[in-house]
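Colleague: Sequence first, predicted coordinates after that:
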Amino acid sequence: MTAASDRVRGPRGGPLTVATALALLLAATPAAADWLTLQRSDATVAVPESPTQIQLSFAPIVEAAAPAVVNILTSVYVGSGGSRLYDDPFFREFFNRRRPFSQGQDATPQTEPLSLGSGVIVAPDGIVVTNYHVIEGADEITVVLADRREFRAQIIGTDPDTDLAVLRIDVPGPLAYLEMGDPDALKVGDLVLAIGNPFGVGQTVTSGIVSALARTDIGVADYAFFIQTDAAINPGNSGGALVTMDGRLIGINTAIYSETGNSAGIGFAIPVNMVQRVVTALLEGGAVLRPWLGVSMEDVTAAMAIQIGLSRPYGALVVSVAPDSPAHRAGLQPGDVVLAIDGHELENGDAVRFRIGTYAPDDAVALTVMRGGTELRLTAVLALPPSAPATAEAITISGRNPLAGSSVVTLTPALMTEFGLGQMRGGALVTAVEPNTAAYNIGLAVGDVVVGVNGREILDAESLAQLVSQPLPLWRISVMRAGELLTVTLRG
């Protein structure tokens, strides 16, 4: 709710009507300027005070930023018979493509359009960032600059977990590029511009505000922590720029919420602190190596906040700490509540995962922790998660049991990080499910973690294989899937 002191009031203390505001704006009197000012905690925000101010334009920002936003065209190699991708109504509807002319019996491979998208130049030597889903499966990638020059792009690296990809184009002379801003300085209500190539019509600019921050339940990427905006974003905007009023890149436009496929005023962008981490990792090492903290966490509920002594529910409750992990060495204990990382307040457990993902292994992070009603400051030095032994192989389950036809491996911290599982006590990770088998028929899927059979806890793949080796009249299987515990009871 808005505090009474923050509301705009009329000259006599009454509520401000539209007619009164317009009259005062056109009059532009000193008296109007005295009260047409809203006080915010960090700055003074003023309503336009004259017709001249109302005519202010975003054009200078667009002129500076737009040359750094590119169109991306991707193609696949096909024979003269065409591609099955063309028959997908998604591509026909949104990208309005036509089949190439028939080449008769010529079997020479040809290219057929696969998708259209956008990208952002983030370095003058031709480094371009886009979404992974824009270039996924492409045989050729063409980058079209704002001045309509076209260049073949090379893939430097991809990171499907964040839905990001880094490309390079060889262009003579330095290119216009966007410097990255500070997403932690964003506030809900700040003005932003979205620049991209919607529907393949060419570069387009839309304006809006930051509608929300730290959106996590989007289902687009594993390390989701999106900026939400009402700036119009449509198919083809993916990979484009979300720009602040100082002309800096603040996010990579990635997804929309829509029941029709068109903009409904809810779009999402990946914050550039994660983008910078991915770009740096791919340029320096060719892969994104994510650090490990080594904790299992739960979101703090309203009831927990009262018990802990917090003024409101925020932070993440530590449920367990892995032995000899960065969290263990830092002194974290079960029951602690992690409130902030390097001074950045944490809304929930997903925020912890995102923040840790923006660092590199061996980085030191400052943790603000609530323990027994007292705030503590701890320092954790992040590390790569320990992997399974090199000799470890998947075990294929067979016999007369509901899991027959699946392959499982012992869950390790490295696999927990790879599959976005957080920190778990143990379990058997499903790595494959053969069609038309018992495991397939009960709905077991790759990425599931078997944690219990008939009331017995499963800590590794070997104990699971041994436990199901003998037929039983009744089976009770417990599986963790996407953070939810699922249990099914079946007859043998």
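Modeller: The structure has been received and is ready for your questions.

Colleague: Rounded mean pLDDT for stretch 339-347, please.
Modeller: Stretch 339-347 shows a mean pLDDT of 91.

Colleague: Any idea how far apart the tips of it sit?
Modeller: For stretch 339-347, the first-to-last residue distance is 8 Å (CA to CA, to the nearest Å).

Colleague: What of stretch 50-67?
Modeller: 32 Å.

Colleague: which outside residues touch that stretch?
Modeller: Contacts with stretch 50-67, where a contact means CB atoms under 8 Å, 6 or more residues apart in numbering, come from 25-26, 28, 48, 145-147, 176, 178, 193, 195, 203, 205, 207, 241, 243, 245, 247, 249. From N, CA and C alone the C-beta is placed, and that goes for glycine too.

Colleague: Would you mind listing where this structure has pLDDT under the threshold?
Modeller: Along the chain, the model assigns pLDDT under 70 to residues 1-46, 54, 78-115, 214-224, 256-265, 387-392, 417-425, 483, 492.

Colleague: just the helices in it please.
Modeller: Ranges of helices in the chain, per DSSP state H, are 18-27, 30-35, 51-54, 59-65, 89-95, 132-135, 272-285, 302-308, 326-330, 349-357, 413-418, 438-441, 461-467.

Colleague: Narrow the contacts of stretch 50-67 to those that are buried.
Modeller: For these, a burial check counting by 16 or more other CB atoms under 10 Å picks out 25, 145-146, 178, 193, 195, 203, 205, 207, 241, 243, 247, 249.

Colleague: Just the ones of these in strands?
Modeller: The members of these that map onto strands under DSSP state E are 193, 195, 205, 207, 241, 243, 249.

Colleague: Any idea how many residues pack against residue 378?
Modeller: 17 (other CB atoms under 10 Å).

Colleague: wait, residue 61
Modeller: Should you count by other CB under 10 Å, residue 61 turns out to have 20 residues around it.

Colleague: ok, now residue 283?
Modeller: Residue 283: 14 neighbours (other CB under 10 Å).

Colleague: pretty sure it is touching residue 167, no?
Modeller: No: using CB atoms under 8 Å, residue 283 is not in contact with residue 167; the gap is 11.3 Å.

Colleague: overlap in contacts of those two?
Modeller: Common contact partners of residue 283 and residue 167 (CB under 8 Å, 6+ apart): 127, 156.

Colleague: looking at the sheet around residue 116, what are its partners?
Modeller: Beta bridges link residue 116 to residue 73 when assigned by DSSP bridges.

Colleague: Next up, the contacts around it.
Modeller: Shown in contact with residue 116 (CB under 8 Å, 6+ apart): 71-74, 94-95, 197, 199-200, 236.

Colleague: mind putting these in CSV, distance to residue 406 included?
Modeller: Formatted as CSV, those follow (distance: CB to CB, whole Å):
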residue, distance to residue 406
71, 44
72, 39
73, 41
74, 35
94, 37
95, 39
197, 43
199, 43
200, 43
236, 40
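
Colleague: what's the most distant pair in the residues you listed?
Modeller: Spanning the widest gap among the contacts of residue 116 are 74 and 199, at 15.6 Å by CB to CB.

Colleague: isn't residue 377 right up against residue 367?
Modeller: Yes: counting by CB under 8 Å, residue 377 touches residue 367, with 7.3 Å between them.

Colleague: who's more crowded, the two?
Modeller: residue 367 (22 against 9).

Colleague: how much space between the more buried one and residue 301?
Modeller: 21 Å (CB to CB, to the nearest Å).

Colleague: Residue 163 too?
Modeller: Counting by CB to CB - residue 163 and residue 301 are separated by 30 Å.

Colleague: Also residue 371?
Modeller: 18 Å.

Colleague: rewinding a little: of the contacts of residue 116, which is the nearest to residue 462?
Modeller: Distance ranking of the contacts of residue 116 against residue 462, using CB to CB, places residue 74 first at 44.2 Å.

Colleague: how many neighbours does that closest one have?
Modeller: 21.

Colleague: Repeat that for residue 197.
Modeller: 26.

Colleague: likewise residue 386?
Modeller: 14.

Colleague: Check residue 186 too.
Modeller: Applying other CB under 10 Å, we find 18 residues neighbouring residue 186.

Colleague: which non-adjacent residue is nearest it?
Modeller: residue 210 (5.5 Å; CB to CB, 6 or more residues apart in numbering).

Colleague: I'd guessed that neighbour sits against residue 228; true?
Modeller: Yes: counting by CB under 8 Å, residue 228 is a contact partner of residue 210 at 7.2 Å.

Colleague: re earlier: would you list the helices of the chain in TSV and tack on distance to residue 186?
Modeller: Listed next are those as TSV, based on distance: least, CB to CB, whole Å:
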stretch	distance to residue 186
helix 18-27	27
helix 30-35	28
helix 51-54	24
helix 59-65	16
helix 89-95	29
helix 132-135	24
helix 272-285	10
helix 302-308	25
helix 326-330	29
helix 349-357	15
helix 413-418	27
helix 438-441	45
helix 461-467	44
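
Colleague: out of those, nearest to residue 394?
Modeller: Taking CB to CB, helix 461-467 is the member of the helices of the chain nearest to residue 394, at 7.6 Å.

Colleague: For that closest one, what is the distance to the chain centroid?
Modeller: 36 Å (CA atoms, centre = their mean, to the nearest Å).

Colleague: Okay, buried residues for it please.
Modeller: Neighbour-count burial for helix 461-467 [16+ other CB under 10 Å]: 461, 463-465, 467.
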